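S.K.: sequence? don't have it. structure:
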DNA sequence: TCAATATATGTCAAAACTGACATATATTCA
DNA sequence: TGAATATATGTCAGTTTTGACATATATTGA
């Protein structure tokens, strides 16, 4: 990034290549994890309230019991994509998904 | 899935291994794509309103110009995870992300 | 116009994610 | 209790997603 651009960015509140950037990345990562955990918790609640076992739910989404367990455990090696696909499979509306994001 | 379980599921509105399941998968996939495209569009708007080039934005998120272009083009080979991370990098709040989901 | 800048598209090796499997642990309920 | 059922954890090969690069096309502005 050109120096000029960096100055322009920093003038509007961005900090690049500094301690601030490190803090910024921490914030992003924390928020990202929060978001995933929230989807994860909601997915588990939905499945349970439908009285589905992990095994049966896994079949519905063409996955496996162990992966469902990992999704619900908030395993870092599970994508948001898979969580969202799973929620949609349980007929969760976009509005409901939106409501699942952290405050 | 045991026959019994399948019957139980179907009684509560689920259809497995049928034309209905195919339609159900289509619905899910359509909604999934809709959701991604919505995030994609909003990301582009945000970047542009901040007067950032794809190249500069790419540096901010430690990625590349071509990947940013793909994100904004709604390329199927771009994960929700990357889209969300990118939005968070632009200091988008969870509430704002929620507002970006389709009605 | 036309050169500089910005964006789009295709490709690829490396990294991340996946379903499946084995197996450990926990929960249910007769 | 203890056997059946449900969930958790670890591993791995196959698949998908990634940043990076090259390069094509589009937009800007002097």
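M.R.: Perfect, I can see it now. Because the structure is predicted, anything quoted here is derived from the model rather than measured.

S.K.: okay, CA-based contacts and neighbour counts for the rest of this
M.R.: OK.

S.K.: can you tell me the element the most centrally placed residue in chain A falls in?
M.R.: Nearest residue to the geometric centre of chain A (Cα atoms, centre = their mean): residue A:36, 2.5 Å. Take DSSP states H and E as the rule and residue A:36 turns out to sit in helix A:19-49.

S.K.: in that helix, what's buried?
M.R.: By neighbour count on 16 or more other Cα atoms under 10 Å in any protein chain shown, the buried set for helix A:19-49 is A:24, A:28, A:31-32, A:34-40, A:42-44, A:47.

S.K.: the residues you listed: which ones sit near chain B?
M.R.: The subset of the buried residues of helix A:19-49 within reach of chain B, by Cα under 8 Å from any Cα of the partner chain, is A:28, A:31, A:32, A:35.

S.K.: which of these sits closest to residue B:62?
M.R.: Nearest to residue B:62 among those: residue A:28, at 13.0 Å, using Cα to Cα.

S.K.: quick one: contacts for the residue in chain A that DNA strand C sits nearest to?
M.R.: Closest to DNA strand C within chain A is residue A:78: 3.3 Å, counting by Cα to the nearest atom of the strand. By Cα atoms under 8 Å, 6 or more residues apart in numbering or on different chains, the contact set of residue A:78 is A:70, A:71.

S.K.: secondary structure element for whatever residue of chain A ends up closest to chain B?
M.R.: In chain A, the residue that lies nearest chain B is residue A:98 (4.5 Å; Cα to the nearest Cα). If you go by DSSP H and E, residue A:98 is part of helix A:94-100.

S.K.: packing partners of that helix?
M.R.: If you count contacts as 3 or more Cα pairs under 8 Å, 6 or more residues apart in numbering or on different chains; DSSP states H and E, helix A:94-100 packs onto helix A:19-49, helix B:94-100.
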